[in-house]
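>>> Following is a predicted model, sequence given first.
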2 protein chains.
Amino acid sequence: MAENGAHDSQLLKGVLSLALLRLLAERESYGYELVTRLHDLGLADVQDGSVYPALGRLERDGHITARLVASSTGPARKYYRLSPGGYAELARTAQAWNSLVRAIEPIVSKPIPTRPEEAVP
Amino acid sequence: MAENGAHDSQLLKGVLSLALLRLLAERESYGYELVTRLHDLGLADVQDGSVYPALGRLERDGHITARLVASSTGPARKYYRLSPGGYAELARTAQAWNSLVRAIEPIVSKPIPTRPEEAVP
DNA sequence: GCCGGTACTTGACAATGCAAGGTACACGGC
DNA sequence: GCCGTGTACCTTGCATTGTCAAGTACCGGC
């Protein structure tokens, strides 16, 4: 089925900023487009109400900068791009993510013993 | 540098329950030991103050069951094991985790463009 | 008896995603 | 001229969950 099923709110925590930083490293972009880009990545349950505050935080922390650009198809877009500090933050977060994946990988990749026999000492 | 540096609090959210469920699927265990098992996995910054509440939640939600076992090296241990529902929850969470990793992987695995040339349209 | 290691518990705190709603611009149909 | 739809952004209230810090208590050896 097409349903992703990965709507485990908590798993997304912290990953969102990483994804946003990485997408912005790729190219300058704005909130609305980033939401669709995330959806295209398979993160279909990410809401715009999560993205805009996240972008605000990243800007507040100096990781990204914004500029307004008028659009002919709607209201002005707020384009974001990485600041130098943003690249550092991205590198740091990406490394933390990789560490975490590597740490979890060995246990989740092993097959799950479904219903072990009673083996009490 | 021995420092892991991966203490991105937010990234751990939700992953902890997954790790605990998986470790308990492996074999029955108790909080204190689970903390050391997590540390051995490379999750050195996980605090016992995070693990015990997490175990409490898993028990509250019926995913694991507990039994007290006296110890000769200290106070009684609370051994946890997966309930049938716990195996289902583990399968579900593991799948959500894999989805997330697969979704993020394509962007984080690509090399990060460090300081792109000015390429404004 | 007291101390260090074992083992579990708890409370104040902060960060973050979600749900739901609101504001506002551009354009086409009527 | 008005309205609906798509674009685009913002905000508030809420629940969840990890961190930090401190506390309780059991055990064996000195």
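Ah, there it is.

>>> Other residues contacting stretch A:17-27?
Outside stretch A:17-27, the residues that touch it by CB atoms under 8 Å, 6 or more residues apart in numbering or on different chains are A:29, A:34, A:37-38, A:41, A:43, A:51, A:54-55, A:57-58, A:63-64, A:80-82, A:86-87, A:89-90, A:93-94, A:97, B:10, B:104, B:107-108, B:112-113. All C-beta atoms are positioned from the backbone trio N, CA, C, and that covers glycine.

>>> before we move on, what about stretch A:97-110?
So stretch A:97-110 is in contact with A:15, A:18, B:4-6, B:8, B:11-12, B:15, B:18-19, B:22-23, B:26, B:41-43, B:94, B:97-98, B:101, B:104, B:108, going by CB under 8 Å, 6+ apart.

>>> residue contacts, A:Gln47?
When contacts are counted by CB under 8 Å, 6+ apart, A:Gln47 touches A:Val35.

>>> Would you mind confirming that A:Tyr32 is in contact with A:Lys78?
No. A:Tyr32 lies out of contact with A:Lys78 (CB atoms under 8 Å); the separation is 9.1 Å.

>>> joint contacts of those two?
Going by CB under 8 Å, 6+ apart, no residue sits against A:Tyr32 while also sitting against A:Lys78.

>>> Could I get the full set of helices for chain A?
A:9-12, A:15-26, A:31-41, A:48-60, A:84-109 (DSSP state H).

>>> out of those, deepest packed?
Neighbour counts (mean count of other CB atoms under 10 Å in any protein chain shown) averaged over each of these peak at helix A:15-26, with a mean of 22.

>>> That one close to DNA strand D?
No. Remark: helix A:15-26 sits outside contact range of DNA strand D, by CB under 7 Å from any atom of the strand, the gap being at least 12.3 Å.

>>> Now do that helix and helix B:84-109, the angle between them.
20 degrees (axes from the mean of the first three to the mean of the last three CA atoms, to 10 degrees).
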